[in-house]
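Chemist: Build the 3D model from these lines:
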Amino acid sequence: NVSFRQSDSLSAPMGFVKGEVEIELARPALVRSSLAGWLPLAYQATKLELLYSANEHGRSLAQLYAKCGKTKHTITLVEVLQTGTTIGMFATHAWRVNSRIYGDGECFLFRARPEPKCFKWRPTDTGIIDDAQNEALMEQFQVGREDYISMGGNKDATNG
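Modeler: Coordinates of the predicted model:
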């Protein structure tokens, strides 16, 4: 775990702040280029700064909340072990333990490697809520509990 729009053409790679702990998962230029293209315009030129690393700070949600709990607009990268795959999410609100869902429609999930791809929230086509339970599930922008974090979802639980 590391916390810090697929466009038709690649954007310039986002820069990063060099700190005591090396940024590994966001080091490849392709990852940073993809992120720059997917982020809201106001954040595309932002430099990445490592706030939390499971390798450095321990594999603990309490540590993730402590390190990221005061920072909005974070990118979380997760390495899927033994696959070469890196997935992630862009969160608009600071991560915190909360019994309610938070965040907004600018939150998104993505695959950074291999073959970068962004999965953005889409409102229902009709705007009519005919299945309130499914609608609530689809709009789980950010969920922060003591034992897990999550973002997104769908009716058959294959996303998010």
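
Chemist: The residue nearest to Lys120 when sequence neighbours are not counted - how many residues pack around it?
Modeler: Closest residue to Lys120 apart from its sequence neighbours, by CB to CB, 6 or more residues apart in numbering: Phe108 at 4.5 Å. Using the backbone N, CA and C atoms, a C-beta is placed for each residue, glycine as well. By other CB atoms under 10 Å, the residues close to Phe108 number 22.

Chemist: next one: Ser53
Modeler: Neighbours around Ser53, by other CB under 10 Å: 22.

Chemist: ok, it to Asp147 distance?
Modeler: Remark: distance between Ser53 and Asp147 (CB to CB, to the nearest Å) = 20 Å.

Chemist: Give me the longest helix you can find in this protein.
Modeler: Of all the elements of type helix in the chain, the one with the most residues (DSSP state H) is helix 29-38.

Chemist: Which other helices and strands does whichever helix or strand comes after that one contact?
Modeler: Proceeding N to C from helix 29-38, the next assigned helix or strand is strand 52-53, under DSSP states H and E. Judged by 3 or more CB pairs under 8 Å, 6 or more residues apart in numbering; DSSP states H and E, strand 52-53 is in contact with strand 2-3, helix 61-68.
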